[in-house]
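Asks: What shape does this take:
(chains A and B)
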Amino acid sequence: MSKERIQISEALYDIMPSDYQDLVKSATYGKEDRGWKDIGTSKELIEQHSLCAGCPESMAFRYILASLPNPEDTVMVGSTGCTSLVFPMVAVHNIHSLFGNQNAIASGLKRALSVRFPGRVKDVVVLAGDGATVDIGLDMTLQAWFRQEKFTTICFDNELYANTGGQESGLMQKGFVAKMAPVGKLFDKVRLPEIARESGCHYVVNCTVSKPSLVEKVIRNAVHIAREIGPTYLQLYTPCILEIGKNSMEGLQEMRDSEKPTERFAYKEYISEPAKQLLTELAAKDKERKAAAKQLAAQAQAN
Amino acid sequence: MAEIKSVIGTQNKKGQTYTDTWKMMNEAPRTPSFFTGSEVIKEALRRASCDVMIAYPITPQSEAAALIGELFAEGYIGDYFRGESEFAVMSQCAGSAFGGARVFTTTAGPGTMRAMENFPMWAGARLPIQMIVTCRGINSPLSIQPDTLEIAYLLNTGMLVWHAETAQDFFDWILKGYMVSEEPDVHLPLALCCDGFFVTHTKDVVNLTPADMCLPPYDPYRSPVPCMDMECPPVRMMRDPFVMKSNYISYATHASWQQEIWAAVERSRKHSIHWLNGLIDTENTDADIVIVASGTAVSQGREAIRLLEDEGVRCGLVKVKTLRPWPEEEIREATKNAKHIFVPEFNVTGWLAKEIRATVPNHQRVHAGPHVCGGMTMPPEIIVSEIKTALGMKTFSLAGRGS
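Replies: As a prediction, the model looks like this:
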């Protein structure tokens, strides 16, 4: 899609909703170096959402949507849960179908887009909660990786079933007392990042969303690697402040506490050899592009 | 505005000519060929301009699903792969259809049941996927034998459901099925059912359309809902997500969408009549006795009618082709003279007889049977026996029935 596709007919301009007018005027579709710094100066690709006040998931959504390298040709796939409350407000095409089948949907979608648009970039990004990714949908999560499907899987890990009211999930910590874990969870947090690596993912990151610049970096890497090489997986800690007994303003601190070097969300990444090579090439191209832009700017000033 | 060019008359990469479907199905020369039902599915797909086919092994559809893989290797299908389970396959089909592809898959029995959560989702998302269902037993202990019970579960999903009698039906309906389900005022998935083994694994003479003609490609922009490919504006779909709201607007939205799905099933009626030459076929419906059946029970009914004629009993026949849309008026009209209506079925519950009882006046005329199930065959003699017994005529006892 090019930006012309979203233009409004002049005759109908005044009756279009203001959020759509803003999207046409100042969204960042097609902007080459879009990123988290555009937040506040451009129209974000997310409108008012109905998540809880202070929910770290809403921060994650904003950073991710600001960081997608190619939103004008990106289709997102969600699943049932808190994220499904947000997707209707997102200005990229997105699919919700069932609970847990997101990586199967994305497999079919990516292949259809490859058949229909040969030679054109169409990115597919899955974004689902930990119940959808690791419990009910684990089979389809892993099988998509085994098949080397070329899309990114993002898991919003809040370590429980938030939307249904805080039940035990596979990514919950051992010993945590929750609904359906009345005497505490009896087994360890599932080590999905390691499983992802063994299952054929070319880029795996485990981190929190406390730093927007970090989210931007890992999203860009994950999407580029998935586009060119194979599956990528991001596990992002988005604590459910409601269910762990925190207040609205405490989400950020919770993430900072959990990303300390000895904690379970200390930054961890795995990059396969072909993915490393791609990132090096992309970095070189980026450097070249910036140097050329600088030169142009200098010339313009000289003239 | 850019000129819109028709693709009719142009060639695809395999050298097949995109042909007006009506001409291809009704006017082009046909070649008689001796094929199994599975091979017929492959031959139909060769001509279907299908973008994506997703396969999974389950008897008795495995052969057809693998043969379509050969078509992919030859370059007739855009993409093809084996999924990990029927639930996943049906979701993968959904993903491809959301992305604007013409999609095909096949399943059977326990596979249909495992995938069931997907079917109302397909209909609700208006995805015109075609799924072949080669019916087999779903009971425990494990059975792989023919049995049509699974069709009963498909009837309320919002999908179109057709029931083929022969391999010829199968060939024609696969191609015609896309024409009905892709109409913008329909745009619903189609479950094209047949009785496993009886149709898939037996050979029959089937008249094929020319192999160098194929259907026009699917146009995903002739759809009542946007195609998820970022080629049209990503509108904000709603102010509030309806999913968990407990308010009247939310209920009304869901209710009206459900009603719209069933209205679309109804709107498929006119297109199905056009392509299938009516939702039912009838023979001698002025007779006092009429057999109403679908699938291979129709063939057995036809044989029973021949046997009864030898004994001077005249009997009519109604072949039900589409179960959704349900041919309510047609069945009422075709059975208006009947004093007795017999409904032979390959399942234990008699779901077709229940539908017919709910359709015709004086429903005590409907005899739900004979039923066979679990893979048993239905010799025409047991239909004859059922009819003669009901009429108070003397009938020979049949082996194994204990009468």
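
Asks: isn't A:Leu252 right up against A:Pro56?
Replies: Yes. The criterion here is Cβ atoms under 8 Å, and A:Leu252 meets it with A:Pro56 at 7.3 Å. The way it works is simple: take the backbone N, C-alpha and C, and place the C-beta from them, glycine included.

Asks: These two: who's more crowded?
Replies: Comparing A:Leu252 with A:Pro56 by other Cβ atoms under 10 Å in any protein chain shown, the one with more neighbours is A:Pro56, at 26 against 16.

Asks: how much space between the more buried one and chain B?
Replies: Computed with Cβ to the nearest Cβ, to the nearest Å, the distance linking A:Pro56 and chain B is 19 Å.

Asks: Return the residues in contact with that residue.
Replies: A:Val209, A:Tyr237, A:Thr238, A:Pro239, A:Ile241, A:Gly251, A:Leu252, A:Glu254, A:Met255 (Cβ atoms under 8 Å, 6 or more residues apart in numbering or on different chains).

Asks: Let me have those residues in TSV, extended by secondary structure.
Replies: Shown next, in TSV, are the contacts of A:Pro56 (DSSP: H, G, I helix; E, B strand; the rest coil):
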residue	secondary structure
A:Val209	coil
A:Tyr237	strand
A:Thr238	coil
A:Pro239	coil
A:Ile241	coil
A:Gly251	helix
A:Leu252	helix
A:Glu254	helix
A:Met255	helix
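
Asks: residues contacting A:Ser210?
Replies: Counting by Cβ under 8 Å, 6+ apart, A:Ser210 touches A:Leu252, A:Met255, A:Arg256, A:Glu259.

Asks: now stretch A:128-148, how far from the chain's geometric center?
Replies: 15 Å (Cα atoms, centre = their mean, to the nearest Å).

Asks: whoops, I mixed them up, stretch A:163-170
Replies: Relative to the centre of its chain, stretch A:163-170 is centred 21 Å away, using Cα atoms, centre = their mean.

Asks: can you check stretch A:268-288 too?
Replies: Relative to its chain's centre, stretch A:268-288 lies at 19 Å (Cα atoms, centre = their mean).

Asks: Report the rounded mean pLDDT for it.
Replies: Averaged over stretch A:268-288, pLDDT sits at 97.

Asks: need the helices for chain B, in chain order.
Replies: Secondary structure of chain B, counting by DSSP state H: helices at B:21-26, B:37-46, B:62-74, B:86-98, B:109-114, B:118-124, B:149-154, B:167-181, B:248-276, B:296-310, B:328-334, B:351-357, B:380-390.

Asks: Between helix B:62-74 and the fourth one, find me the angle.
Replies: Relative orientation of helix B:86-98 versus helix B:62-74 (axes from the mean of the first three to the mean of the last three Cα atoms, to 10 degrees): 40 degrees.

Asks: Any buried residues in helix B:86-98, and which?
Replies: Under the neighbour-count criterion of 16 or more other Cβ atoms under 10 Å in any protein chain shown, helix B:86-98 has B:86-98 buried.

Asks: which of those are close to chain A?
Replies: Restricting these to those touching chain A (Cβ under 8 Å from any Cβ of the partner chain) yields B:Phe87, B:Ala88, B:Val89, B:Ser91, B:Gln92, B:Cys93, B:Ala94, B:Gly95, B:Ser96, B:Ala97, B:Phe98.

Asks: before we move on, back to that, closest to A:Ser107 out of the contacts of A:Pro56?
Replies: Comparing these against A:Ser107 with Cβ to Cβ places A:Thr238 closest, at 24.6 Å.

Asks: Contact partners for the closest one?
Replies: The contact partners of A:Thr238, by Cβ under 8 Å, 6+ apart, come to A:Cys55, A:Pro56, A:Glu57, A:Met59, A:Ala60, A:Phe156, A:Asp157, A:Asn158, A:Thr208, A:Val209.

Asks: Contact partners for the residue lying closest to B:Cys214 once chain neighbours are set aside?
Replies: Leaving aside its sequence neighbours, B:Cys214 sits nearest to B:Gln16 (Cβ to Cβ, 6 or more residues apart in numbering or on different chains; 4.2 Å). Applying Cβ under 8 Å, 6+ apart, we find B:Gln16 in contact with B:Arg47, B:Ala211, B:Asp212, B:Met213, B:Cys214.
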